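A.B. asks: Would you be able to build a 3D model of this:
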Amino acid sequence: MNSLRILLAVAAAAIAAPVAAQEVSVPYWASIRAGEVNMRAGPGEDYRIDWVYRRPQLPVKVVRLLDGWRLVEEPDGTRGWMLARFLTRQRSAFVKGQGLTDMREMGAANARLLWRVEPGVVVLLDDCDKGWCGVRIGERAGYIRQDRLWGAGEP
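C.D. replies: Coordinates of the predicted model:
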């Protein structure tokens, strides 16, 4: 009898896992996992390719889920569909705005300046607090003002 209960519990868990994976609330931030990803006009491989992305870790906003596809949005509002397997929930952002932005040793305007970062540079995100986000660019780590990052904060 215990074996039957265990078998039923395992079977129920196996069925529930894929359903739970689909129950993610949107919108949410994601980043591109692969070295080449197609953005399509619709959720299927028969739809035309609108863009080809060749920049791993580039952040995108996921705004809709459909059968293994994700409708993603770029900062300019452009939307298209990507296969979910080419996206990751690893948080990243890119520097936005005009001119260089400061990467500081701590999350404060008067903290020691470490580097100056150009717009368009992709960073891996750590926690954000009081308007500053911990970021990593390769082996370098520091803090950048949250208002200079697309992909930080609420999607």
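A.B. asks: got a list of what residue 66 touches?
C.D. replies: Counting by C-beta atoms under 8 Å, 6 or more residues apart in numbering, residue 66 makes contact with 43, 81. Quick note: C-beta positions are derived from backbone N, CA and C, even for glycine.
A.B. asks: ok, it to residue 37 distance?
C.D. replies: Residue 66 sits 17 Å away from residue 37 when distances are taken as C-beta to C-beta, to the nearest Å.
A.B. asks: And residue 49, by the same measure?
C.D. replies: 10 Å.
A.B. asks: Could you check which of these two is surrounded by more residues?
C.D. replies: Neighbours per residue (other C-beta atoms under 10 Å) separate residue 49 from residue 37, with residue 37 holding more: 21 against 11.
A.B. asks: tell me which element residue 128 falls in.
C.D. replies: strand 122-129 (DSSP states H and E).
A.B. asks: Helix or strand next in line after that strand, which one?
C.D. replies: Stepping forward along the backbone from strand 122-129, the first helix or strand reached (DSSP H and E) is strand 132-137.
A.B. asks: Specify the angle between that next one and strand 122-129 in degrees.
C.D. replies: Calculated by axes from the mean of the first three to the mean of the last three C-alpha atoms, to 10 degrees, strand 132-137 forms an angle of 150 degrees with strand 122-129.
A.B. asks: Which strands or helices does the strand holding residue 128 pack on?
C.D. replies: On a contact count with 3 or more C-beta pairs under 8 Å, 6 or more residues apart in numbering; DSSP states H and E, strand 122-129 meets strand 92-95, strand 132-137.
A.B. asks: Hey, what's the angle from the helix or strand hosting residue 62 to strand 122-129? Just curious.
C.D. replies: Here residue 62 is covered by strand 59-66, with elements defined by DSSP H and E. Counting by the same axes, to 10 degrees, strand 59-66 lies at 80 degrees to strand 122-129.
A.B. asks: Given strand 59-66, what are its sheet partners and their directions?
C.D. replies: The strands beside strand 59-66 in its sheet (DSSP bridges) come out as strand 28-32 (antiparallel), strand 69-73 (antiparallel).
A.B. asks: Residues in contact with the last one: which ones?
C.D. replies: Strand 69-73 is touched from outside by 27, 30, 39, 43-44, 60-65, 79-84, 87, with contacts defined as C-beta under 8 Å, 6+ apart.
A.B. asks: mind running it again at 10 Å?
C.D. replies: With contacts defined as C-beta atoms under 10 Å, 6 or more residues apart in numbering, strand 69-73 is touched by 24, 26-28, 30, 32, 37, 39-40, 42-45, 47, 53, 59-65, 78-87, 155.
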